[in-house]
Every structure is written in C-alpha cells, then in structure tokens.
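[1] dropping the sequence and predicted coords here.
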Amino acid sequence: MTEVLADLDAGVLRLSRSRLMDLASVAGTGNTESVDEEGLKALEDAGLVSEGTANPAVELVGLTVFEPLAGLRLEIADRVRRVAATGWIGPELSVLAIPEGDGLEEIKACPTGFLPARLAGYLSLGPRRHQPGSALVEKLHLDAATDTTGIADRIRAALRLRWRVTVSWKTGSRSLEVIDAGEEGLWIAEEEGELLRINGATATEVWVRLLSLLPKAEELEPASAGLG
C-alpha cells in the first residue's frame, strides 16, 4: 500500500499515520535512527526527507507533531459517514490529520492563530436562523427525553452536520459539540447526566466558544506533550 503521497508545490500531503510519525521523529530528533528502512525510503522517495533531515517545507509540520503544546480531536458526523481526525497544536503551527478511507490521512496545517477560523471554514460555520429553545435528548440519536416543543424532532429531520472539537493538554481539556440543523439553526450540546442538553445558539456564540477551546498560556506546562 502506498503510504506517502506528496506534491509540495501543490500543497498536497497525504501520509499513513506511521509515516507521519516517522516524519515527526526525523524532524524532532534531527536523525533517522528510530525510522525503519521501509519508512525512510518512502519519505525519501516522496522528497520529504533527504540526507537524514526533513525537507524544510514540512519540517515544522513534523516538529509540531513531535512536540505539541496540545492535542486536538475533531469528530464529524452527517447522515452518511463519521470522521474522526487527530490534530497537534504548536506555538507556531497546528496540524490536522484527516482520514481519507484508503489508509492515508490528508495533512492540513495552518498558523495556530488561524486555527479556529480554519476549523470554522472546514465545518461551514456561518449564519443560520436563530432558533431559541432547549431540550434534553439521547446522546447518540437525538431522541427526545423531555421535549414538549418538538425541537428534537425538527432538529433530527433537518440535521446537516454534527461535530465535536476537543482540545487537550497535560493539565486539562475543553470541548465543544454543535449540531448544525440548517434551517433549524445551530445547537450547542452539553452533557447533563446520561443525556445531552441542546440549546439554540447563534453562529457568533458558537464562534466565541470555538475560540475559547485553545489553552491559555498559564494553563500550559513548560514540558512538551511528547510525540504522538
């Protein structure tokens, strides 16, 4: 199986997780001692590693994965499929690995300061008609537990996308789960016992919550989060 597909001029980088970890090891340690022969050849053939060092075009990607300040997990579900992507957040760059279904992951990177905006764009966060209200629903299926308003039924019928972003670091984590029901609006979901409380929200409210996920400087320990 092909484990590396790269066209750096076109901004295309697709790797298996193993090869991404190999690239991170080379960038982080400055040598290839922990990379097996097969992995090293795949990276060299793709132009990502040369003479034992990472290509400058992907070096910061590798360094971010090798020594992140925080980790990221993005879970997305629509009516057809579910995707769970892994990310690494560094002081300069953030990297997201999105599974493509063929054993490879599409590697997306952006300056960390732009990460919330990139996530918002990827999730198509934008103005929706604000639908006020609240309901308790089952976590997986949005079946209403206490809802005499029909909110849960409307959301389930109009469901466009359901996503959850979790950012974690050594001493803590924060997450945001949103149900995008198109014409039925945006809904922030928060755990309430064994159920979810869903509350109608504006796009601005979701954006502010998305911004707040990143750890503050005082929440981070000096030590790195480590490879992986």
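    Happy to help now that I have it. Numbers count the residues shown, from 1 in each chain.
[2] and the pLDDT at Ile155?
    Model confidence at Ile155, given as pLDDT, is 87.
[3] how many other residues sit next to His141?
    9 (other CB atoms under 10 Å). For every residue, glycine as well, the C-beta is placed using N, CA and C.
[4] oh sorry, the question was meant for Lys139
    12.
[5] I'd assumed Leu196 was in contact with it.
    Yes. Counting by CB atoms under 8 Å, Lys139 touches Leu196, with 5.2 Å between them.
[6] who's in contact with the residue nearest in space to the middle of the chain?
    Centroid check for the chain by CA atoms, centre = their mean gives Leu74 as the closest residue, at 3.4 Å. By CB atoms under 8 Å, 6 or more residues apart in numbering, the contact list for Leu74 reads Val83, Ala84, Ala85, Gly87, Leu96, Ile98, Leu119, Trp163, Arg164, Val165.
[7] how about the fourth one, nearest residue that isn't a chain neighbour?
    It stands for Gly87. Leu72 (3.1 Å; CB to CB, 6 or more residues apart in numbering).
[8] quickly find the element holding that neighbour.
    Using DSSP states H and E, Leu72 sits in strand 70-77.
[9] sorry, back to before: in helices, which of the contacts of Leu74 fall?
    Leu119 (DSSP state H).
[10] so what sits opposite the closest residue to Asp78 other than its chain neighbours in the bridge?
    The shortest distance from Asp78 to any non-neighbouring residue, by CB to CB, 6+ apart, is to Leu161 (5.3 Å). Following DSSP bridges, Leu161 is listed with bridge partners Asp180.
[11] any idea which helix or strand carries Glu38?
    Assigned by DSSP H and E, Glu38 falls in helix 37-45.
[12] could you identify the helix or strand that succeeds the lowest-mean-pLDDT helix or strand in the chain?
    When the helices and strands of the chain are compared on mean pLDDT, DSSP states H and E, strand 144-146 comes out lowest with a mean of 65. Following strand 144-146 in sequence order, the next helix or strand is helix 151-158 (DSSP H and E).
[13] tell me which residues are up against that next one.
    Under CB under 8 Å, 6+ apart, the answer for helix 151-158 is 131, 133-135, 137, 141-144, 147, 179, 181-184, 187, 198.
[14] ditto for stretch 25-38
    Taking CB under 8 Å, 6+ apart as the rule, stretch 25-38 contacts 22, 40, 43, 49, 52-54, 58-63, 65-67, 227.
[15] just the buried subset of the residues you listed, written out for ChimeraX, thanks.
    To isolate the buried members of the contacts of stretch 25-38 in ChimeraX, using 16 or more other CB atoms under 10 Å:
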select :22,40,43,49,54,58,59,60,61,62,63,65,66,67
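[16] ok now the longest helix seen in the chain, how far from the chain's centre?
    In terms of residue count, the longest helix belonging to the chain (DSSP H) is helix 17-29. Centroid separation for helix 17-29 versus its chain: 19 Å, with CA atoms, centre = their mean, to the nearest Å.
[17] got the buried residues for that helix?
    Applying 16+ other CB under 10 Å to helix 17-29 flags Arg19, Leu20, Met21, Asp22, Leu23, Ala24, Ser25, Val26, Ala27, Gly28 as buried.
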